[in-house]
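> turn this into a structure:
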Amino acid sequence: MQKKYVILVVFFGILLLTPFGVQTIDDIRGEKRFVSLDIFKDVVYTPFVRESNIAAGALKLDSAWRTARESIAGGAETSEALEPVVGALSDLESVVLTVNAYAELDTGEADYKLLKQADTLLSTLEDEPENFKAVDSTLKAVVAEFGNFSLWRAFLGVKHYGVWTSRYLRAFEKKVEDENALVLAVRPQYQLAVWNIFNDPGEKVVLGAAGDCIGKSCGRDTTVSSDRWLYYRQDVEFLVQPSPLDARSAKLDNPIQAILRFRDQLKAKGVELLVVIVPGKPSIYPERLTGRKSRAGNSIRSHGKVILDSLAKLGLHTVDLYTPLLTAKVGDADLGPLYLNDDTHWTPRGAELAAAVIALNVRLLADAGVIDIGENKEEYVASDSLADRIGDIGEMSGLNKFGTFKVQKVTGHVVSQQSISKRIEPPADSLSDSVAVYDTTKTPFKDDFRKSKILILGDSFSRIYQTDAPVNAGWIAHFAMNLDCPVSSIVSDGGASTLVREKLARKAGVLKGKKLLIWEFVERDLRFGAEGWKEVDF
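Numbering: from 1, shown residues only. Predicted coordinates:
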């Protein structure tokens, strides 16, 4: 080989090995795990450690269940006796479901279903003691399955979830990309340079068009016409790519089939389903994306709205948020926009409007006798609270560390419970109603799984303002205040298509006493939902 080619091979070899070398040195010097050797470790070490932990966890569960049975037979409180069993089962699940550093056990696996069945049955035992035999036999099956070290299971774990599978390599690649010391050092400066030279905010972000929008209607009092909104690329791609129901999307899971199956599963348990599809920001504000003028009330034909209408035609209970949000845009100049400038989510105004619309739909279902939302009533009050919002799209760009995008101040309305201390009854000959005297103390809003007849499944649109600043000011709290009734919720950021149903399946006992399940998810999840639209067994 000629000398010049040898030099080129050595040069490019050094380039390829530099990130690995820098990361290795950083791992040795730091306190983090040795990421560079994860692949080797997950082949020759992790499978055997996992098997040992599985066997130990199963024996711990067996011991805890034997003790619990004796305690219950001796008259002990069922809930107290079951606490160690629940803890042991949870520990076993965490070991079994985590196959290696980068892969989780698939929900279709028999082992996953067995553990999920045990979890579900155990959660119902306190309220349904007649399930004792079923719980006993299921836990014995779990112990029999996992109580011994299995080389065959270790082999299957490596075969189906190991380094030669796409699921492992994708996760490993992302980990290296996100944590590599050289990348972390170089990427921010590169991103800033690309932004300054080309006005490119990054691969996950679409920069809106400059317009003549100034003042409160643009989201900030200090807005100038050169300011642009940021849009999440997946929100935009959802609108411009073929519909998830299009023949060209045949490789995608069919969301309508998954939703219909979920409706049927809930009906079998006496629970009605109400589907809420949240419009993405470009569906409501296309003009801030494209720069083309748009009248309030007009919109692009969103795939999400088409699918929502299809679900309604199939007899499902649905909530249309597209129409009221588009109509409400006429008030932006006075009230501010419905979505945040540099974020995927709505403003408190948008969240509260959605809460009112969803509550109205629930009242109509109750008035029609479709559901019974119960007699449990709660009194709620709301108070203003100012919060700073750092946009999630700005964070995705990686430019916020340089102060490229501004903090947006929002005013949320924090919901609190307020109990009635007494009622003053009117004279017997009076036609007036009794007067409630409220306790002056306020209790923070919280989910009430025992009293509520309504369970909400949602994504980050259900989390924003609810569990982050200003807290208890999200649409869930305002929905409860609109109905004056307790509610409960299970939220999974970015996972409302499948992951949140899997959470529910693991806690199926929370459906006890529920009459309505409200399933909220953003429209882009119809195509890009995490884990697709898998069927989840209950």
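> so A473 sits in a strand?
No - read with DSSP: H, G, I helix; E, B strand; the rest coil, A473 is coil and lies in no strand.
> I'd guessed it sits against L386; true?
No - using C-beta atoms under 8 Å, A473 is not in contact with L386; the gap is 10.7 Å. Just so you know, the C-beta spots here come from the backbone N, C-alpha and C atoms, and that holds for glycine as well.
> identify the contacts common to these two.
G412 (C-beta atoms under 8 Å, 6 or more residues apart in numbering).
> look at the two and report which has more neighbours.
A473 (28 against 10; other C-beta atoms under 10 Å).
> how near is that one to T347?
Per C-beta to C-beta, to the nearest Å, A473 is found 11 Å from T347.
> same question for N131.
With C-beta to C-beta as the criterion, N131 and T347 are 46 Å apart.
> more neighbours: the two, which one.
Each of N131 and T347 has its neighbours counted (other C-beta under 10 Å); T347 has more, 24 against 17.
> phi and psi next, for the more buried one.
Phi and psi for T347, reported as degrees, to the nearest 10, are phi -80, psi 170.
> check contacts around it.
So T347 contacts G219, G336, P337, L338, Y339, L340, V410 (C-beta under 8 Å, 6+ apart).
> the closest residue to K293 other than its chain neighbours: neighbouring residues, count only.
For K293, ignoring the flanking residues on the chain, the nearest one in space by C-beta to C-beta, 6 or more residues apart in numbering is E287 at 6.1 Å. Residues lying near E287 (other C-beta under 10 Å) number 19.
> report the contact partners of I476.
So I476 contacts A355, I456, G458, S462, Q466, V487, S489 (C-beta under 8 Å, 6+ apart).
> ok, and the closest non-adjacent residue to the fifth one?
What that stands for is Q466. Closest to Q466 by C-beta to C-beta, 6+ apart is G474, at 2.9 Å.
> surely the one you found is in contact with S460?
No - if you go by C-beta under 8 Å, G474 and S460 don't touch, sitting 10.2 Å apart.
> in strands, which of the contacts of I476 fall?
Among the contacts of I476, DSSP state E puts I456, G458, S489 in strands.
> show me the contacts for the second one.
Which is G458. Shown in contact with G458 (C-beta under 8 Å, 6+ apart): I476, S489, I490, V491, S492, A496, V500, I518, W519, E520, F521.
> rerun at 10 Å
276, 278, 466, 474-476, 489-493, 496, 500, 518-522 (C-beta atoms under 10 Å, 6 or more residues apart in numbering).
> of those residues, which belong to helices?
Among the contacts of G458, DSSP state H puts W475, I476, V500 in helices.
> as TSV, these with distance to G57 and pLDDT would be great.
Below are the ones in helices among the contacts of G458 laid out as TSV (distance: C-beta to C-beta, whole Å; pLDDT from 0 to 100):
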residue	distance to G57	pLDDT
W475	39	97
I476	35	97
V500	26	92
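> list just the nearest of those to L511.
Nearest to L511 among the ones in helices among the contacts of G458: V500, at 13.6 Å, using C-beta to C-beta.
> so how many other residues sit close to that closest one?
Neighbour number of V500 under other C-beta under 10 Å is 27.
> tell me the pLDDT of the nearest residue to it once chain neighbours are set aside.
What sits nearest to V500 in space, not counting adjacent residues and going by C-beta to C-beta, 6+ apart, is S492, at 4.0 Å. Listed pLDDT for S492 reads 90.
> which residues touch S492?
Contacts of S492 (C-beta under 10 Å, 6+ apart): 457-460, 462-463, 498-504, 521, 530.
> re the thing from before, from the ones in helices among the contacts of G458, pick the one nearest L139.
V500 (26.5 Å).
> separation between the closest one and A268?
Going from V500 to A268 by C-beta to C-beta gives 19 Å.
> do you know how far L139 is from G147?
11 Å.
> which ones among the contacts of T347 are found in strands?
Checking those against DSSP E, those in strands are V410.
> about what we covered before: same list (the ones in helices among the contacts of G458) but as JSON lines, adding distance to L230.
Output for the ones in helices among the contacts of G458, formatted as JSON lines (distance: C-beta to C-beta, whole Å):
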{"residue": "W475", "distance to L230": "22"}
{"residue": "I476", "distance to L230": "26"}
{"residue": "V500", "distance to L230": "26"}
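> so which of those comes closest to T67?
V500 (33.9 Å).
> what score does T290 have for pLDDT?
Per-residue confidence (pLDDT) for T290: 86.
> the closest residue to it other than its chain neighbours in helix, strand or coil?
In space, and not counting its chain neighbours, T290 is closest to A209: 5.9 Å by C-beta to C-beta, 6+ apart. Following three-state DSSP, the label given to A209 is coil.
> would you agree A209 is in contact with L230?
No - using C-beta atoms under 10 Å, A209 is not in contact with L230; the gap is 11.7 Å.
> any regions of this protein where pLDDT drops low?
Applying pLDDT under 70 to the chain flags the ranges 1-5, 12, 15-36, 211-226, 294-300, 419-425, 428-441.
> walk me through the domains of it.
Structural domains assigned to the chain are 42-161, 201-528, following automatic domain parsing.
> need those domains in TSV with distance to P188, can you?
Shown next, in TSV, are these (distance: least, C-beta to C-beta, whole Å):
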stretch	distance to P188
domain 42-161	25
domain 201-528	6
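> what's the closest of these to G13?
It's domain 42-161; of these, that one is closest to G13 (C-beta to C-beta) at 24.4 Å.
> ok now the closest one, how far from the chain's centre?
What separates the centre of domain 42-161 from the centre of its chain is 25 Å, taken as C-alpha atoms, centre = their mean, to the nearest Å.
> how about the contacts made by L114?
Applying C-beta under 10 Å, 6+ apart, the residues near L114 are V96, T138, A141, V142, E145, F146.
> what about it, which helix or strand?
Assessed by DSSP states H and E, L114 sits inside helix 110-124.
> circling back: among the contacts of L114, which ones are buried?
Buried subset of these (neighbour count, 16 or more other C-beta atoms under 10 Å): V96, T138, V142, E145, F146.
> which helices and strands sit right next to the helix or strand encompassing the fourth one?
Element membership for E145, per DSSP H and E: helix 132-146. For helix 132-146, the helices and strands in contact under the criterion 3 or more C-beta pairs under 10 Å, 6 or more residues apart in numbering; DSSP states H and E are helix 46-73, helix 78-97, helix 110-124.
> mind redoing it with 6 Å?
helix 46-73, helix 110-124 (3 or more C-beta pairs under 6 Å, 6 or more residues apart in numbering; DSSP states H and E).
> mind putting these into a markdown table with distance to P244?
Compiled in a markdown table, the helices and strands packed on helix 132-146 are given as follows (distance: least, C-beta to C-beta, whole Å):
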| stretch | distance to P244 |
| --- | --- |
| helix 46-73 | 36 |
| helix 110-124 | 26 |
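> do you know which of those helices lies nearest I373?
That would be, of the helices and strands packed on helix 132-146 and by C-beta to C-beta, helix 110-124, which comes in at 22.9 Å.
> just the buried positions in the closest one, please.
Those would be 111-112, 114-124, for helix 110-124 by 16+ other C-beta under 10 Å.
> count of residues packed around the residue nearest to K281 when sequence neighbours are not counted?
Nearest residue to K281, sequence neighbours excluded (C-beta to C-beta, 6+ apart): Y339, at 4.5 Å. Neighbour count of Y339, defined by other C-beta under 10 Å: 23.
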